[in-house]
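Asker: this is a predicted model, with the sequence first.
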Amino acid sequence: MKFLNRRTSAVAAVVLSATLGLTACGSTTDASSGSGSSSSDGGDVSVTFLPKNLGNPYFETSDAGGQKAVEEFGGEFTEVGPDTATPDGQVSFIQTAAQQGVSALVLSANDPAALCDSLNQARDTADVKVVTFDSDVNADCRDLYVSQADSEGIATVEVDMIAEQIGDEGQIAILSASANATNQNAWIDIMKQDLADNHPNIELVDVVYGDDDDQTSFDKTAALLQTYPNLKGIISPTTVGIAAAARYVSTSNYKGKVAITGLGTPNQMREYVKDGTVTEFALWNPEDLGYLAAYAAKALVDGEITGAEGDSFSAGDLGDYEVGADGTVLLGQPFRFNADNIDDFDF
């Protein structure tokens with residue numbers, strides 16, 4: 001299967017990915033203590049997935065994709081991670097992975113710089129290959145970054161959706177994850193520029209942070225609506241945030257008056273689309289993202305690639321991929337989910 005940046009259209013890519021057996025979502029091991037699960041075939045490639053935090057549905061899905069890939073190529077899979085999305089919480093797991101001599105570490109970073117010392121130590125002293133996905137670190141702290149989509153494409157689709165839903169005018173706010181999240185901040189910067197250049201009648205009044213925590217994001221939504229009585233829409237570029245915002249609005253007087261959009265998964269957002277709280281949102285397939293990251297890690301461990309621009313490798317069911325500038329591999333482009341198509345997907 002190829003994604004939009006290869007031979008097929010975005011719709012065909014996403015629809016096909018939804019048929020690939022996404023039932024593995026619940027099969028990852030919540031291993032904050034450092035334990036994990038291995039494939040029965042074993043193998044020389046051991047891959048540890050380190051998400052921003054455990055208990056996050058988005059990362060449960062992406063890590064399930066990683067496990068699926070590792071089992072396909074006969075390696076050993078482990079998932080570890082902190083309970084809260086902080087850089088300090090990830091450092092000890094990086095150090096433990098190095099001590100255990102894992103072949104590769106695949107992580108979504110809570111900070112672009114704070115993890116660099118521990119990552120480079122793991123690379124230099126234990127020859128651990130480091131692949132980031134979803135949220136990157138500084139390029140000199142990893143071997144590859146597997147990007148869910150082009151940052152401009154992600155930011156632009158979110159601005160386009162909110163503009164369409166509020167008639168291209170009025171006050172909006174952004175409910176982000178943590179203040180230091182690399183991917184979130186990159187998208188927000190592009191959103192701000194897009195709004196300024198192309199949507200002069202939309203006013204961004206605030207950016208708040210829910211720390212990828214459901215209750216915090218729920219409370220931040222309530223605070224935004226109380227602080228800005230004329231607010232017409234909220235963009236939440238995080239799956240935890242958009243679901244919490246939709247849950248708050250769905251049982252409030254703001255339902256049908258304040259648009260909620262951003263990045264979410266079909267399963268978590270289905271009820272809010274069905275009840276009219278949310279018109280449209282976007283995302284890529286997070287299971288495919290984890291799947292691709294695992295195959296990228298294997299290619300590094302096997303010496304098939306070094307992370308240099310122009311390197312290419314095979315990613316199982318997803319087909320062939322090429323490394324771009326700055327050691328980045330692009331999964332594809334985001335897809336819009338709405339009432340017309342949401343029942344076609346199960347992840």
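Answerer: Here it is on my side, so go on. Residues are numbered from 1 along each chain as shown.
Asker: tell me where the stretch 201-347 of the chain has strands.
Answerer: Ranges of strands in the stretch 201-347 of the chain, per DSSP state E, counting those that start in this stretch, are 202-209, 231-236, 259-262, 280-283, 312-314, 320-322, 328-330, 335-338.
Asker: so the first one versus strand 231-236, what angle?
Answerer: Angle of strand 202-209 versus strand 231-236, following axes from the mean of the first three to the mean of the last three Cα atoms, to 10 degrees, is 50 degrees.
Asker: which parts of strand 202-209 are buried?
Answerer: Neighbour counts using 16 or more other Cβ atoms under 10 Å place 202-204, 206-209 of strand 202-209 among the buried residues. C-beta coordinates here come from the backbone N, C-alpha and C atoms, glycine included.
Asker: need those residues in TSV (columns: distance to D344 and pLDDT).
Answerer: Formatted as TSV, these follow (distance: Cβ to Cβ, whole Å; pLDDT from 0 to 100):
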residue	distance to D344	pLDDT
I202	31	98
E203	35	98
L204	33	98
D206	35	98
V207	33	98
V208	33	98
Y209	33	97
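Asker: of all these, which comes closest to D83?
Answerer: Nearest to D83 among the buried residues of strand 202-209 is Y209, at 17.7 Å by Cβ to Cβ.
Asker: list the contacts of the closest one.
Answerer: 175-179, 220 (Cβ atoms under 8 Å, 6 or more residues apart in numbering).
Asker: now swap in G210 and tell me
Answerer: 175-177, 216-218, 220, 236, 238, 240-241, 244.
Asker: can you tell me which of these is nearest A163?
Answerer: S236 (15.7 Å).
Asker: can you pull the pLDDT of the closest one?
Answerer: Here, the pLDDT recorded for S236 equals 98.
Asker: likewise for the one 4 residues further on?
Answerer: At V240, the predicted lDDT confidence score is 96.
Asker: show the contacting residues for the closest residue to it other than its chain neighbours.
Answerer: Sequence neighbours aside, D212 is the residue nearest to V240 in space, at 4.7 Å (criterion: Cβ to Cβ, 6 or more residues apart in numbering). Neighbouring residues of D212 by Cβ under 8 Å, 6+ apart: 52-53, 56, 85, 177-178, 181, 238, 240-241.
Asker: show only the entries of the residues you listed found in helices.
Answerer: 240-241 (DSSP state H).
Asker: among the contacts of D212, which one has the most neighbours?
Answerer: Neighbour counts for the contacts of D212 (other Cβ atoms under 10 Å) peak at G241, which has 33 neighbours.
Asker: residues near K257, how many?
Answerer: Every residue meeting other Cβ under 10 Å relative to K257 is counted, giving 12.
Asker: against A282, how distant is it?
Answerer: To A282, K257 is 22 Å away according to Cβ to Cβ, to the nearest Å.
Asker: against Y209, how distant is L50?
Answerer: As judged by Cβ to Cβ, L50 and Y209 stand 21 Å apart.
Asker: so which of the contacts of D212 is the closest to D44?
Answerer: K52 (28.3 Å).
Asker: from A155, how far out is the closest residue to S135 other than its chain neighbours?
Answerer: Nearest residue to S135 in three dimensions, chain neighbours excluded: N183, at 4.3 Å (Cβ to Cβ, 6+ apart). Distance from N183 to A155, counting by Cβ to Cβ: 10 Å.
Asker: also N138?
Answerer: Noted for N138: a distance of 21 Å to A155, by Cβ to Cβ.
Asker: between these two, which one's more packed in?
Answerer: More crowded of N138 and A155, by other Cβ under 10 Å: A155, with 24 against 16.
Asker: how confident was the prediction at E79?
Answerer: 98.
Asker: dump the residue contacts of the most centrally placed residue in the chain.
Answerer: Of all residues in the chain, the one closest to the mean position by Cα atoms, centre = their mean is D134, 4.2 Å from it. In this structure, D134 makes contact with 52, 62, 108, 148, 183, 286, 289, judged by Cβ under 8 Å, 6+ apart.
Asker: go again with 6 Å.
Answerer: For D134, the contact set (Cβ atoms under 6 Å, 6 or more residues apart in numbering) comprises 108, 148.
Asker: repeat for V146
Answerer: 133, 292-293, 296, 329.
Asker: now do 7 Å
Answerer: The contact partners of V146, by Cβ atoms under 7 Å, 6 or more residues apart in numbering, come to 131, 133, 289, 292-293, 296, 329, 331.
Asker: now these as a markdown table including distance to M269 and pLDDT?
Answerer: Formatted as a markdown table, the contacts of V146 follow (distance: Cβ to Cβ, whole Å; pLDDT from 0 to 100):
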| residue | distance to M269 | pLDDT |
| --- | --- | --- |
| V131 | 28 | 98 |
| F133 | 22 | 97 |
| L289 | 18 | 96 |
| L292 | 23 | 98 |
| A293 | 24 | 98 |
| A296 | 28 | 98 |
| V329 | 27 | 97 |
| L331 | 20 | 95 |
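Asker: which ones among those are found in helices?
Answerer: 289, 292-293, 296.
Asker: just curious, which of the residues you listed is nearest to Q99?
Answerer: A293 (22.2 Å).
Asker: which residues does that closest one contact?
Answerer: 66, 106, 131, 133, 146.
Asker: out of those, who's nearest Q100?
Answerer: So of these, ranked by how close each gets to Q100 (Cβ to Cβ), first place is V106, at 14.6 Å.
Asker: what secondary structure does the closest one sit in?
Answerer: strand (DSSP: H, G, I helix; E, B strand; the rest coil).
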